[in-house]
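**Student:** Following is a predicted model, sequence given first.
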Amino acid sequence: MDPVRRVKGHFADSAQLHRDAADALAAPIARAANVMTECLFGDGKILACGNGGSAADAQHFAAELVGRFERERPELAAISLATDTSLLTAVANDYAFEQVFARQVRALGARGDVLLAISTSGGSPNVTAAVRAAHERDMRVVALTGNGGGRIGELLAEGDVHVCVPHARTARIQEMHLLAIHCLCDIIDHTLLGDDA
């Protein structure tokens, strides 16, 4: 094995997917940013969830909104549902791991809020349950998936937005999800603050 060649192969594969997916994903990402901006303008909040690397993406997104992305601005209401270990372990122990996000959505979510549901496979049972809970609360859903969208793609309602990376490999999907999150933050900032910077 030539590790340098493998690294260059990863760069090439990732760059090719970024180029190939731009046309397919630009419009849904822009729609998702519009849904989120409407929510924030309406005094709503964005709840984000995912497992593993997608949990890290949920935390990253919330940090960019509550803190800042690239420009100084007031704090924006976003919560990662993947960070409270006491809550996560209590719900997993007392109910089921499938409910760790759904119970938080039902507790914290309200009409007009948005759920950012992140799942590379589109089939994570606890993220799927969170989507159902969001619909129970009359929340809109922005789903970041890949590999065809899975069960989550099937559950989305009118008014929800599906950003489905056209790839099957988890690492490539996660790379695209991070870019999508940065695009969302950028569009939210420019919508709220204008295009001066």
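**Tutor:** Thanks, I have it. All of these numbers come straight from a predicted model, not from anything done at the bench.
**Student:** So which elements touch the longest helix belonging to the chain?
**Tutor:** In the chain, ranked by residue count with DSSP state H as the criterion, the top helix is helix 3-41. Helices and strands touching helix 3-41, by 3 or more C-beta pairs under 8 Å, 6 or more residues apart in numbering; DSSP states H and E, are strand 46-49, strand 114-118, strand 140-146, strand 161-165, helix 170-193. (C-beta placed from N, C-alpha, C; glycine too.)
**Student:** Show me which positions of stretch 160-179 end up buried.
**Tutor:** Buried residues in stretch 160-179, counted by 16 or more other C-beta atoms under 10 Å: 160-165, 167, 172-179.
**Student:** again, but for stretch 145-155
**Tutor:** For stretch 145-155, by 16+ other C-beta under 10 Å, it's 145-147, 149-153, 155.
**Student:** Can you tell me which of those residues is closest to Met139?
**Tutor:** Of all the buried residues of stretch 145-155, Met139 sits closest to Leu155, with 12.9 Å by C-beta to C-beta.
**Student:** circling back to that earlier point, as TSV, the buried residues of stretch 145-155 with pLDDT and distance to Asp57 would be great.
**Tutor:** Below are the buried residues of stretch 145-155 laid out as TSV (pLDDT from 0 to 100; distance: C-beta to C-beta, whole Å):
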residue	pLDDT	distance to Asp57
Thr145	98	12
Gly146	97	12
Asn147	93	16
Gly149	96	17
Gly150	96	17
Arg151	97	19
Ile152	98	15
Gly153	97	18
Leu155	97	20
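**Student:** Dump the residues you listed into CSV; add distance to Ala129 as well.
**Tutor:** As requested, the buried residues of stretch 145-155 are exported to CSV (distance: C-beta to C-beta, whole Å):
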residue, distance to Ala129
Thr145, 15
Gly146, 19
Asn147, 19
Gly149, 17
Gly150, 14
Arg151, 10
Ile152, 10
Gly153, 15
Leu155, 10
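**Student:** Okay, now the unreliable bits of this protein?
**Tutor:** Along the chain, segments meeting pLDDT under 70 span 196-197.
**Student:** Relative to Ala55, how far out is Arg140?
**Tutor:** Going from Arg140 to Ala55 by C-beta to C-beta, to the nearest Å gives 21 Å.
**Student:** Just want to know which of these two has more residues nearby.
**Tutor:** When neighbours are counted by other C-beta atoms under 10 Å, Arg140 comes out ahead of the other of Arg140 and Ala55, with 24 against 19.
**Student:** Who does that one form a beta bridge with?
**Tutor:** Beta-bridge pairing for Arg140 (DSSP bridges): Val114.
**Student:** check contacts around it.
**Tutor:** Arg140 makes contacts with 35, 39, 113-115, 134, 159-161, as judged by C-beta atoms under 8 Å, 6 or more residues apart in numbering.
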